[in-house]
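# Turn this into a structure:
(one chain, ligands or ions: 2)
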Amino acid sequence: MKNIIIFGAPGSGKGTYSDEIVTRYGMGHISTGDVLRGEIKQGSDIGKMAKELIDKGQLIPDDLMIQILAKTYDSLPQGCGVIFDGFPRTIAQAEALKLMLQERGHDMGVMVELIVDEDTLMERLLRRAQIEGRADDNVETIKKRFEVYHNQTEPLAAWFEKEGIRHTFTWEGSKDQMLANIFAFLDTLK
Ligand code: AP5
Ligand code: MG
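Ligands and ions are numbered 1, 2, ... in the order given. Just a heads-up that it's a prediction; the model follows:
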C-alpha cells in the first residue's frame, strides 16, 4: 500500500481508523501522539518537555517532531507503506516530511482528511476521558487543542490540495459508513 497521511481535528478518528486500515492492508503506523505519550511514560527528557506542552494543548516544536518522525519511520519495515497519524501538523512539518521521503526515494502517497463537527468531537473526547483518562481530554485543554488545530493545522489542507493528494471524508453519523467510504477509496490504490 502507498503511504497514507491521516488528517483531522482532535477526536476525528485518526487513531481509530488507522487501526482498521492497518488490519486491512498490513502497513506500518506512526502516531506521533502515541510516541510522545510513550516518552512521557518512560520519563525521558523529551517526555518531560512534551508533557508540559501536551497538557496545555500546545504543539511540540517542529525541529524536535521532525527528528522523532524520521527516527520512527526508519525503524519500521520498509516497502509496505506507513500511515502518518498526527503528523504533519504545520506547514514546516509537511515540507520536512515531503523532503524526508524524497531523500529515501519514497513519496507521501495520499492524504485522508476526516471532517467531523465540533460538538461530536467534544462528546467523543469527554467520553474517552472517562474510559482512558488521557491527561489532555478535559474541556479546557480540548478547546485549546481545537484552537491550535484551526490556527496551525487546518491551513495545511490547502497545502495537500496543491500537492494533489487531498481526499476528504465527512462524518454523517455512521462509523461503518465512514469506514466503508475510506476502504472503497483505498482499495483503488492497491
Ligand atoms: P494526538 O495524540 O495526535 O491527539 P489529537 O490530534 O488531539 O487526536 P486524538 O488522538 O485525540 O484523536 P484521534 O483523531 O486519534 O481520534 P480517536 O480515533 O482517538 O496528539 C496529542 C498531542 O501531542 C498534541 O496536542 C500535541 O501537543 C502533541 N503532538 C502530537 N503530534 C504532534 C506533532 N506532529 N507536532 C507537534 N505536536 C504534536 O477517536 C477519539 C475517540 O472517539 C476514541 O475514544 C474513539 O473510540 C471515539 N469514537 C467514537 N465514535 C467514533 C467514530 N465514529 N469514529 C472514530 N472514533 C470514534
Ligand atoms: Mg489519536
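
# Now the element after the helix or strand hosting Leu97, going C-ward?
Secondary-structure element containing Leu97, defined by DSSP states H and E: helix 91-103. Counting by DSSP H and E, the next helix or strand C-terminal to helix 91-103 is strand 110-115.

# before we move on, the earlier item: and the helix holding Leu97, what other elements does it pack with?
Counting contacts by 3 or more CB pairs under 8 Å, 6 or more residues apart in numbering; DSSP states H and E, helix 91-103 packs against helix 62-75, helix 156-163. Glycine gets a C-beta too; all of them are placed from N, C-alpha and C.

# for this structure, which spans come out with low pLDDT?
Counting by pLDDT under 70, the chain has no low-confidence residues at all.

# List the buried residues in stretch 125-139.
125, 129, 136-137 (16 or more other CB atoms under 10 Å).

# whoops, stretch 42-61 was the one
Going through stretch 42-61 with 16+ other CB under 10 Å, the ones that come out buried are 46-47, 49-51, 54, 57-60.

# so of these, which ones are in helices?
Secondary structure of the buried residues of stretch 42-61 is defined by DSSP state H; positions in helices are 46-47, 49-51, 54.

# so which two of the residues you listed are the farthest from each other?
Set against one another by CB to CB, those have their most distant pair in Ile46 and Ile54, with a gap of 11.5 Å.

# so what's in contact with these two at the same time?
Among the neighbours of Ile46, those also in contact with Ile54 (CB atoms under 8 Å, 6 or more residues apart in numbering) are Leu36.

# Just the buried residues of stretch 125-139: which are in helices?
The subset of these located in helices under the criterion DSSP H comprises 125, 129.

# just the buried residues of stretch 125-139 that are near ligand 1?
Among the buried residues of stretch 125-139, proximity to ligand 1 is found for Asp136 (CB under 6 Å from any ligand atom).

# Out of the buried residues of stretch 125-139, which is nearest to Ala184?
Ala184 lies nearest to Leu125 out of the buried residues of stretch 125-139, by CB to CB, at 27.6 Å.

# how close does that closest one sit to Tyr17?
Summarising the geometry, the distance separating Leu125 from Tyr17, computed by CB to CB, to the nearest Å, is 16 Å.

# State whether Phe7 is indeed within a strand.
Yes. Residue assignment for Phe7, taken from DSSP: H, G, I helix; E, B strand; the rest coil, places it within a strand.

# what's the nearest residue to it once chain neighbours are set aside in contact with, if anything?
In space, and not counting its chain neighbours, Phe7 is closest to Glu113: 4.7 Å by CB to CB, 6 or more residues apart in numbering. Contacts of Glu113 were listed using CB under 8 Å, 6+ apart, and they are 7-8, 157, 160, 166-169.

# are any of those residues buried, and which?
Burial by neighbour count, judged by 16+ other CB under 10 Å, picks out 7-8, 160, 166, 169 from the contacts of Glu113.

# quick one: the nearest residue to Asp107 once chain neighbours are set aside and ligand 1, what's the gap?
The shortest distance from Asp107 to any residue that is not its chain neighbour, by CB to CB, 6+ apart, is 5.7 Å, and that residue is Leu101. Distance check for Leu101 against ligand 1: by CB to the nearest ligand atom, to the nearest Å, it reads 15 Å.
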